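A.B. asks: could you work out the structure for the sequence below:
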Amino acid sequence: MKKSSPALAVLAASAALGLAASPATAGGRHHPPSPSPAPVAGEVTTVAEGLLGPLSFAVGRGGTLDVAQSFTTLLTRITDGGEPEVLATAPEGYSPGSVSRDRGATYYTVATGAGTNDPVANITLLQSVDRDGTVETIADISAYEFAENPDSINTYGFEEALPAGCAAQLPEGIPASPYTGLPDSNPAGSLPGRFGGTIVADAGMNALIQVSDDGDIATVAVLPPIPVTVPAGIGWPDCAVGLAYNAEPVPTDVERGPDGALYVTSLPGSPEGGPTGSVFRIDPATLEPELVATGFVGATGLAVNDNGDIFVAELFANRISVVPSGSNTPQLFLEANQPAALELRGDALYASVDALAGLPTGPDPEAPPAAEPPAEPAPATGSIIRIELDDNCGGYHHHHGGADRHSGDGVRGDGSEE
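C.D. replies: Residues are numbered from 1 along each chain as shown. All right, here's what the predicted structure looks like:
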């Protein structure tokens, strides 16, 4: 994001607002007219605990989990019933994220300095670690962003410059005039590419890119600005409330559907505080983004099964929603506390929950002491749960990020990751 906080800060700030859940609404949809039955959540089991910031993970054979603990420097692997092992460690001051698996290797990003708009401070790299534990840096994503700045084609912010008196009352960092996309890199999700390489959703770049195995980078799509009306109660001055504002789209995850298209979640930047999260579909022929559904409260992760059902993690609504294939209406799939990342494997949906537990925050010296502890204390760490999917979709639950490279358009076709 530009002229706003980096993705992690957006999560923390929005969570602090205590946003109430509100129903998601639909946009355009590329699906058959006859809706299929919505997937139903079955048995839920916890498969990993004690995680700090599990904002991205990948599922391999046998339910092996590769997890970026984004509040630390650790990329960890957790096998069924086993203790976590460290796959890789990011440099001090960097956060790991954007995890995917392919051909026995784990791909991930390390990032620092998001939101600074400074090429010296803002460094993001795509790396891999193979079966032997060898770590390789594949590409410097931030260098591409500062050279190309794909979303400079977008105009964000207020539609007209605010009067000086109103502008002086805006929170720090909120521009009073329209602005075009500024260089900023903050990768949030990744997916194995169709013919090699890796698709990366970059929340700072407001774009999807493809990184080849040799480290070459090309822009796949730039998400459009998100038109919103400035709401009251978010700390902006009354003179700004009710004005039109074009928010940065902030892509947070990317997956592929059975139609060969990429699907992307969007968690718009400032103004924070409303149900403006969306899912976009990137048309495989034109690479143009089209709106699938909107109204999500903190859309941070998604998964798409073979039937075309789209699962969406709503971090700030404490739920996982599903947009059934052939439908334009998101439905509640499962209530879960702070769900962040989603992955499909076989007939199960995996989700990281309590994703903000353990978020590093400084003490507030002006905060009054709590009168009494809460009845149910918040968990100190995050977890990953496994949700069995009842078979009312004819068994079409598999994930489209798989291990071969012979179908699709920048992602994969067989539905299974290594």
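A.B. asks: can you confirm Gly165 is in a strand?
C.D. replies: No. Secondary structure of Gly165 (DSSP: H, G, I helix; E, B strand; the rest coil): helix, not part of a strand.
A.B. asks: neighbours of it, how many?
C.D. replies: For Gly165, the number of neighbouring residues by other CB atoms under 10 Å comes to 9. For glycine as for every other residue, the C-beta is placed from the backbone atoms N, C-alpha and C.
A.B. asks: switch to numbering from 21
C.D. replies: Understood, numbering begins at 21; the last thing we discussed is Gly185.
A.B. asks: and the gap between it and Tyr265?
C.D. replies: Separation of Gly185 from Tyr265 (CB to CB, to the nearest Å) stands at 18 Å.
A.B. asks: low-scoring stretches of the stretch 21-170 of the chain, by residue?
C.D. replies: In the predicted model of the stretch 21-170 of the chain, residues 21-55, 101 satisfy pLDDT under 70.
A.B. asks: all helices for it, in order.
C.D. replies: Listed in chain order, the helices found in the stretch 21-170 of the chain under DSSP state H, counting those that start in this stretch are 27-36, 161-168.
A.B. asks: okay, buried residues for stretch 120-137 please.
C.D. replies: 120-122, 125-135, 137 (16 or more other CB atoms under 10 Å).
A.B. asks: first vs last residue of it, how far apart are they?
C.D. replies: Terminal residues of stretch 120-137 lie 27 Å apart, using CA to CA, to the nearest Å.
A.B. asks: measure Pro212 to Thr66 for me?
C.D. replies: Distance, Pro212 to Thr66, by CB to CB: 27 Å.
A.B. asks: do the same with Ile405
C.D. replies: 5 Å.
A.B. asks: ok, Pro74 next?
C.D. replies: Distance from Pro74 to Thr66, by CB to CB: 12 Å.
A.B. asks: higher neighbour count, these two?
C.D. replies: Taking other CB under 10 Å, Pro74 and Thr66 do not tie; Pro74 has more neighbours (29 against 10).
A.B. asks: low-confidence ranges in the stretch 321-438 of the chain?
C.D. replies: Within the stretch 321-438 of the chain, the stretches with pLDDT under 70 are 381-398, 411-438.
A.B. asks: one more pass at 50, please.
C.D. replies: Scanning the stretch 321-438 of the chain for pLDDT under 50 picks out 384-394, 422-437.
A.B. asks: can you list the residue ranges for helices in it?
C.D. replies: Secondary structure of the stretch 321-438 of the chain (DSSP H, counting those that start in this stretch): no helices present.
A.B. asks: overlap in contacts, Pro74 and Thr66.
C.D. replies: Common neighbours of Pro74 and Thr66, using CB atoms under 8 Å, 6 or more residues apart in numbering, are 403-404.
A.B. asks: ok, now which ones touch the residue most central in space within the chain?
C.D. replies: Of all residues in the chain, the one closest to the mean position by CA atoms, centre = their mean is Thr272, 2.4 Å from it. Thr272 sits next to 27, 208-209, 221, 223, 285-287, 319-321 when contact means CB under 8 Å, 6+ apart.
A.B. asks: rank these by pLDDT and give me only the lowest.
C.D. replies: By pLDDT, Ala27 ranks lowest within those, coming in at 40.
A.B. asks: pull out the buried positions in stretch 249-265.
C.D. replies: 250, 254, 256, 260, 263, 265.
A.B. asks: how about those, which pair is most distant?
C.D. replies: Of all pairs drawn from these, the greatest distance, 12.6 Å, lies between Ile254 and Leu263 (CB to CB).
A.B. asks: partners of the top strand by length along the chain in the sheet?
C.D. replies: Using DSSP state E to define each element, the chain has its longest strand at strand 61-71. Its sheet considered, strand 61-71 pairs with strand 402-409 (antiparallel) by DSSP bridges.
A.B. asks: neighbouring contacts of the partner strand?
C.D. replies: Contact partners of strand 402-409, identified using CB under 8 Å, 6+ apart, comprise 59-74, 77, 83, 85, 87, 98, 340, 354, 356, 358, 360, 367-378, 417.
A.B. asks: what do you get for stretch 229-244?
C.D. replies: With CB under 8 Å, 6+ apart, stretch 229-244 has contacts from 146, 158-161, 164, 168, 170-171, 173-174, 213, 216-220, 222, 226-228, 269, 271, 282, 284, 286, 300, 302, 307-309, 430.
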